[in-house]
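> Just a sequence and a predicted model for now, questions to come.
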Amino acid sequence: MKNKILTYIASLYVIIAIVVLSLLSINQQTETLLLIGIWVFFLFSMAFLLLGLRLHKRYEKLTFERKTLSVLVNSMSDFIVFKDDEGRWLSVNDFGLKLYNLEPEAVIGKTDLELAKAYPQFEKYFRYCYETDELTWSRHKPTRVEETLIVKDEERLFDVLKVPLDHEDGSRKGLFAIGRDITELRQAEESLIKNEKLSVVGQLAAGIAHEIRNPLTSLKGFVDLCRKEDGDIDNYLSIMHTELERINKIVDELLLIAKPTKIPFQQHYLHEIVDSVIELMEPEAKEAGITIVLKYDETTPAVRCEECQIKQVLINIIKNAIEASEEKTTITVTIKTKDNTVLLAIKDEGCGIPKQRLDKLGEPFFTMKEKGTGLGMTVTFKIIEAHNGTIDIDSEVNIGTTVNVRLPLIQHDNEKKLVHT
């Protein structure tokens with residue numbers, strides 16, 4: 001309809017112009033010039049008309065696209081906010097208007113700090129939004145944060161993506177933020193973690209019951225024999241003492257896993273710690289006909305660690321290597337720097353571990369030994385984890401096993417207070 005009206009107006013304008021110019025014709029001499037002027041004016045008018053029609057169509061198309069985009073944005077269950085270079089709210093979708101139960105005129109044109117002063121009950125939320133905005137602008141790249149916002153008088157957790165908009169010279173132009181309510185998702189994750197913990201506790205309890213039941217059964221049998229005064233009672237008492245020591249060892253290792261323990265980190269050279277452990281383990285190795293060799297780079301820097309716990313790790317690993325090896329074989333301990341870590345590799349030439357069992361190493365009560373509890377490797381993994389290190393194990397059946405322990409070269413002061421959990 002608008003296009004037709006514009007066409008009629010333009011046509012009428014051209015006709016009136018032609019009539020007026022025709023009436024102004026005074027003589028034959030000026031008639032030609034006037035006709036030329038009329039046609040030039042007519043052509044310019046038509047060009048102006050066509051341009052106007054094209055611009056009007058483009059305007060209608062942009063208006064339609066804007067309305068479509070507005071409907072799409074306002075129908076989203078995420079909040080969307082645009083801010084200017086000073087952090088003032090420029091526009092917000094319908095869901096965003098539900099935040100804090102404020103009217104549009106209360107937030108549009110104001111910064112988060114101004115809103116924090118105007119609404120003290122929401123001050124901590126607006127101030128945190130302001131801080132994350134500043135963090136995003138300082139990084140000059142999209143930033144993902146979690147913010148607690150108020151929706152219908154209820155605290156909700158949102159996963160918010162903030163995108164800074166900069167001018168070519170790097171100065172601020174604006175900021176775009178989109179946030180999704182993840183409250184239910186986070187609650188589901190916490191519930192899943194809780195159930196997983198309960199499952200692990202159940203498995204651990206079953207393992208404890210299984211490991212302690214065996215020595216308790218033996219103790220019960222020998223107590224009955226002692227009551228009857230039948231057989232070598234001194235021998236029975238010795239066996240009973242051994243079984244009690246086994247139970248005590250299981251309890252001690254469980255406490256080491258479960259009880260939080262402060263770790264005072266100090267600088268140590270790993271080759272010195274390994275040297276002392278090899279000296280301790282050498283008699284056992286010689287008795288089994290096994291040689292332990294240490295290789296290290298003298299330029300390897302020190303690491304921050306707790307000496308006794310690293311010794312315990314080494315004793316556990318080397319003892320396993322000795323028990324898995326045959327006579328006249330070698331256990332090689334190598335220390336070197338690799339990828340900003342100190343790599344400690346313990347390699348044996350023993351029976352190896354099947355690939356299907358490698359993933360289970362470190363689980364409580366999983367062991368390949370006849371009288372083992374599996375808690376030694378669990379403790380080992382916990383200690384290295386508390387040192388911000390990693391353990392990985394490579395093994396091939398009948399060829400040997402290599403345990404790679406990596407400890408970071410540099411640790412911050414706050415890492416001195418890490419605890420076992």
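Okay, I see it.

> what stretches of the stretch 51-200 of the chain score poorly on pLDDT?
Regions of the stretch 51-200 of the chain meeting the criterion pLDDT under 70 cover residues 63-76, 196-200.

> would you list every one of the helices in it?
Here the stretch 51-200 of the chain has its helices, by DSSP state H, counting those that start in this stretch, at 94-97, 104-107, 112-118, 123-139, 183-228.

> now for the fourth one, which elements pack on it?
Spelled out, it's helix 123-139. helix 112-118, strand 143-151, strand 154-166, strand 172-181 (3 or more C-beta pairs under 8 Å, 6 or more residues apart in numbering; DSSP states H and E). Yep, even glycine has a C-beta here, placed from its N, CA and C like the rest.

> Quick check: which of the ones you listed is nearest to residue 309?
For these, the distance to residue 309 is smallest for strand 143-151, at 34.5 Å, taking C-beta to C-beta.

> I'd like to check the angle between that closest one and helix 123-139, please.
160 degrees (axes from the mean of the first three to the mean of the last three C-alpha atoms, to 10 degrees).

> if we can go back for a sec, could you redo the helices and strands packed on helix 123-139 as TSV and give each row mean neighbour count and distance to residue 88?
Below are the helices and strands packed on helix 123-139 laid out as TSV (neighbours: other C-beta atoms under 10 Å; distance: least, C-beta to C-beta, whole Å):
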stretch	mean neighbour count	distance to residue 88
helix 112-118	17	8
strand 143-151	16	18
strand 154-166	16	14
strand 172-181	18	9
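
> Take these and lay them out in a markdown table including distance to residue 248.
As requested, the helices and strands packed on helix 123-139 are exported to a markdown table (distance: least, C-beta to C-beta, whole Å):
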| stretch | distance to residue 248 |
| --- | --- |
| helix 112-118 | 59 |
| strand 143-151 | 46 |
| strand 154-166 | 46 |
| strand 172-181 | 52 |
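
> between those, which gets nearest to residue 272?
strand 143-151 (44.4 Å).

> coming back round to it: closest one to residue 224 among the helices and strands packed on helix 123-139?
Once the helices and strands packed on helix 123-139 are compared by C-beta to C-beta, strand 154-166 is nearest, at 60.7 Å.

> Listing partners with orientation, what would you give for the closest one?
Paired strands of strand 154-166, with direction, are strand 143-151 (antiparallel), strand 172-181 (antiparallel) (DSSP bridges).

> which one of the ones you listed lies closest to residue 96?
strand 172-181 (8.4 Å).

> Just the CA atoms of that closest one, as CSV, please.
Listed in CSV are the C-alpha atoms of strand 172-181, where the atom choice follows Å, rounded to 0.1, in the frame of the first residue of the first chain:
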residue,chain,number,x,y,z
ARG,A,172,35.9,-0.6,24.6
LYS,A,173,32.8,-0.5,22.4
GLY,A,174,30.3,-2.6,24.3
LEU,A,175,29.7,-6.0,25.9
PHE,A,176,27.3,-8.8,25.0
ALA,A,177,26.3,-11.4,27.7
ILE,A,178,24.2,-14.5,27.4
GLY,A,179,23.4,-16.7,30.4
ARG,A,180,21.8,-20.1,30.9
ASP,A,181,20.2,-21.4,34.1
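
> that older thread, include distance to residue 147 when you put the helices of the stretch 51-200 of the chain into a markdown table, please.
Listed next are the helices of the stretch 51-200 of the chain as a markdown table, based on distance: least, C-beta to C-beta, whole Å:
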| stretch | distance to residue 147 |
| --- | --- |
| helix 94-97 | 13 |
| helix 104-107 | 15 |
| helix 112-118 | 11 |
| helix 123-139 | 6 |
| helix 183-228 | 12 |
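
> What residues sit buried inside stretch 218-225?
218-219, 222 (16 or more other C-beta atoms under 10 Å).

> okay, the strands paired with strand 154-166 in CSV with distance to residue 90 next?
CSV is the format used below for the strands paired with strand 154-166 (distance: least, C-beta to C-beta, whole Å):
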stretch, distance to residue 90
strand 143-151, 18
strand 172-181, 7
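
> Of those strands, give the one that comes closest to residue 226.
strand 143-151 (63.8 Å).

> Can you tell me what sits against that closest one?
By C-beta atoms under 8 Å, 6 or more residues apart in numbering, the residues outside strand 143-151 that reach it are 79, 98-101, 122, 125, 128-129, 132, 135-136, 155-162, 179, 181-182.

> residue ranges of the strands in this structure, please?
Taking DSSP state E, the strands of the chain run over residues 79-84, 89-92, 143-151, 154-166, 172-181, 266-268, 290-296, 303-305, 329-338, 341-347, 390-396, 400-408.

> got those as a markdown table, with distance to residue 109 columns?
Converted to a markdown table, those look like this (distance: least, C-beta to C-beta, whole Å):
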| stretch | distance to residue 109 |
| --- | --- |
| strand 79-84 | 9 |
| strand 89-92 | 7 |
| strand 143-151 | 20 |
| strand 154-166 | 18 |
| strand 172-181 | 14 |
| strand 266-268 | 57 |
| strand 290-296 | 67 |
| strand 303-305 | 53 |
| strand 329-338 | 57 |
| strand 341-347 | 53 |
| strand 390-396 | 52 |
| strand 400-408 | 50 |
